[in-house]
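Undergrad: Pasting the sequence and the predicted coordinates here, then a few questions.
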Amino acid sequence: MASSRRRILPPVATILALSAAGGLCWLGADAAARYLEDRSRQDVEQALAASGQDWVTVATDGLQVRLTGTAPTEVDRFRAVTQAGGAVDPSRILDHMTVASAEARTPPEFKVELLRNDQGISLIGLVPASTDRAGLLRGLRSETAAPSVTDLLETADYAVPQGWDDALRYGLRAVQMAPRAKISIQPGSVSVSALADSRDDKGRLEAALRRGLPPGVTLVTDISAPRPVIAPFTLRFVRDKDGARFEACAADTDEGRDRIVAAAQAAGVAQVPACTLGLGSPSPDWSDAAVAAIGAVAELGRGAVTLSDADVALTAPPSVEQPAFDAAVARLQQALPPVFSLQATLEQAPDATTPGPAEFTATLSEAQVLAMRGAISDSRMAETVDSLARARFPSVQADLTDNSQVPPGWTVRVIGAIEALDILQTGSVQVTPDLIRVTGTSGDPGAAESAAARLSERLGPGAAYELSIRYDRRLDASLNLPDGAECVRQLNIVMSESEIGFEPSKSAIAGDPAPTLDRLASVMAECADFQIEAGGHTDSQGSEGFNADLSRGRAQALVAAMAGAGIDVANMTARGYGESQPIATNETEEGREENRRIEFRLLSDYPVRSAPLPPPVTLAGVTAEPAPADQPQADPIGPMQPPAPPQMFGPQMRRVTAGPTAPATVGASEVFQTLDEREENIRLPVQTPTPDTPRPSPRPDEASAPAD
């Protein structure tokens, strides 16, 4: 029995041992699998967290890694798969992620840049897909005659935004007006940056752009014109009992202008003065000379200084003591740059022996009729003055008397005054031995400075003058303001194109008049100061009296509607003409429709002044020297020609100091003639008419002028 048990035990023990080993192997394998799963999940989670993909949920199933969650975009989903594939074998990744629904698409920003220059036109930007690009190009080629039109536009298939079509059409018209421009077009907005040929051209372009602007479109303009050529390049600074001020100011650079303005304020100018930037400076050191000259006047306390090109004229009243004047002159001489020459004058008290009274006056009317009266040295000089006046004004009336006692240089002073008056639309001049006084009105805001420059060019240094010139914007050609006839023409165009109507047999306006009133308002913005009549007209149906009352009521209704829309109609009247002035036949419906109208008519060519003109620009001082003698001089009695830009002085020209110790080099201030010498030069070319050489017949507009 015992031996039998011993034979059974070894197989059982073997089975138990194998079972135990198998269990241990399973436990090890399960532990290893769990470790691999946990490690893979941790590695993937860390990789996703590092890339900001915290919306992903990671789960493992054996060797497989399952990604779930809602990706914000398809790009985010792809990035999550890529990041997980970098942490474990990409073949183990199971992508169970979804992508959030895409939101409604936002239209892009439509914009067109139109660039035009002498080489052609380029279109750059983004337009709706429905835009007729071929039509745009055809229109630009036919309307602008540009050498080339380049299409660089892109399209997007979105709805056309509000205001886009009106802005695009207006932008295409604007590029036709401006040959050198950049025009930016956006829905409801157009921006025009352009370069004009001149100040007048700038005004005309701005006015044309405003007239064509459609309702609902905003216009922004940045139109620049080249700096004007100022000849002579002039600056005048005065300090007297009325205070310190500029009577003329020109600068060549922004920095130089700032220095000049700062010097003027330090010398007593209360407000920031205006100073024109221009071309034609005789030296890069212009601002240095101007600042030094202004400082000299400030040091004296009273006086005036004028810079005309490279010539500097400093004057002081008799109240300034001689030692103080000499010291200021010496310091100014040292401060002036080498190109500039100085002439300094300390005025003396009036001398009782000054030649007797002499006076010349001239008046220029609105009709451009010049009336002259006063003393002239002799008949030959009277003929010279008369000839010069007739060369500049359409009609001349002269009442000149011979006076051999006039001071030396009298005729030159008279001619200079007439040339200064030629700048004005209306005005007068008065010439006395001590002063030239010019007053009047001009459409040029710089007329006072121009008149002073002409006096300097004609008279040379030392002639005293007073200028009082008003600026009238109605006369300013650069603003391109319409006259009365143009105002009426534009108003009638608006009415002929409008859809405004009236109820049958009534004066009540039918329909919406707002679009027409908006167009009338844009015209009346610059026309309200003209006397204009709104005349009503009817067809021949009905009685004559009824039609007269109906036409008058309709005209009054339109004027009342204009006033209600905020339009200034203070100078507008309403009148009814009934059927008395047909413009078409009353036998057809089409003709009767044309006869039923409101027509504007100009009552006076002259605007009504609802407000006084601005205060005049007043200048007082003495003239400076004109251009140096080595430059061409204008014919003393010939028509005034536009002066050429001043030339830079050569390095051999040196500044001349005043006083007995002046260096031997002769400066520009020492080569000009005195006024009496200039008058002698005037005498030379004048020939006395003889019976064999009759004087030319007067022009038709001079036929009514009295004989001289």
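TA: Okay, I see it.

Undergrad: Now do stretch 316-326: everything it contacts.
TA: With contacts defined as CB atoms under 8 Å, 6 or more residues apart in numbering, stretch 316-326 is touched by 240, 300-303, 328, 344-349, 659. In short, each C-beta sits where N, CA and C put it, glycine included.

Undergrad: helix/strand/coil for the closest residue in space to T57 that isn't next to it in sequence?
TA: Excluding the flanking residues, the one nearest T57 by CB to CB, 6 or more residues apart in numbering is T68, at 4.6 Å. What DSSP: H, G, I helix; E, B strand; the rest coil gives for T68 is strand.

Undergrad: care to break this protein down by domain?
TA: For the chain, automatic domain parsing gives the domain ranges 27-99, 111-224, 360-472+615-626+673-701, 484-602.

Undergrad: and those domains, which is most packed in?
TA: Of all the domains of the chain, domain 360-472+615-626+673-701 carries the top mean neighbour count, a mean of 19, counting by mean count of other CB atoms under 10 Å.

Undergrad: could you pull out the strands for the stretch 351-500 of the chain?
TA: With DSSP state E, counting those that start in this stretch as the criterion, the stretch 351-500 of the chain has strands at 360-364, 369-376, 395-402, 426-431, 436-442, 464-471.

Undergrad: got the ones you listed as TSV, with mean pLDDT and distance to Y158 columns?
TA: Shown next, in TSV, are the strands of the stretch 351-500 of the chain (pLDDT from 0 to 100; distance: least, CB to CB, whole Å):
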stretch	mean pLDDT	distance to Y158
strand 360-364	90	64
strand 369-376	89	66
strand 395-402	87	67
strand 426-431	90	60
strand 436-442	90	55
strand 464-471	89	52
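
Undergrad: Put together TSV for these, with distance to A417 on each row.
TA: Below are the strands of the stretch 351-500 of the chain laid out as TSV (distance: least, CB to CB, whole Å):
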stretch	distance to A417
strand 360-364	7
strand 369-376	10
strand 395-402	13
strand 426-431	4
strand 436-442	5
strand 464-471	9
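
Undergrad: sorry, back to before: among the contacts of stretch 316-326, which ones are in strands?
TA: In strands, judged by DSSP state E, the following of those are found: D240, G303, A344, T345, L346.

Undergrad: Out of the domains of the chain, flag the one nearest E247.
TA: domain 360-472+615-626+673-701 (3.7 Å; CB to CB).

Undergrad: ok so D288 is a strand residue?
TA: No: counting by three-state DSSP, D288 falls outside a strand, being helix.

Undergrad: returning to that earlier point: please identify which of the domains of the chain is closest to A296.
TA: Of all the domains of the chain, the one in closest proximity to A296, counting by CB to CB, is domain 360-472+615-626+673-701 (14.2 Å).

Undergrad: what two of the contacts of stretch 316-326 are the furthest from one another?
TA: D240 and G659 (25.6 Å).

Undergrad: just the buried members of the contacts of stretch 316-326?
TA: Buried subset of those (neighbour count, 16 or more other CB atoms under 10 Å): L300, G301, R302, G303, A328, A344, T345, L346.

Undergrad: residues in contact with stretch 567-578?
TA: Residues contacting stretch 567-578 (CB under 8 Å, 6+ apart): 517, 520-521, 524, 528-538, 544-545, 547-556, 558-559, 562-563, 603, 608, 610.

Undergrad: Now intersect the residues you listed with the strands, please.
TA: Those of the contacts of stretch 567-578 mapping onto strands are I532, E533, A534, G535, G536, H537, per DSSP E.

Undergrad: is the third one in a bridge, and if so with what?
TA: For A534, the residues forming beta bridges with it (DSSP bridges) are A574, F600.

Undergrad: State the distance from it to V488.
TA: In this view, A534 and V488 are 10 Å apart by CB to CB, to the nearest Å.

Undergrad: quick one: common contacting residues for these two?
TA: The contact sets of A534 and V488 overlap at F600 (CB under 8 Å, 6+ apart).

Undergrad: Give me the pLDDT value at the residue nearest to T57.
TA: pLDDT for T68: 91.

Undergrad: residue contacts, it?
TA: V56, T57, A59, H96, M97.
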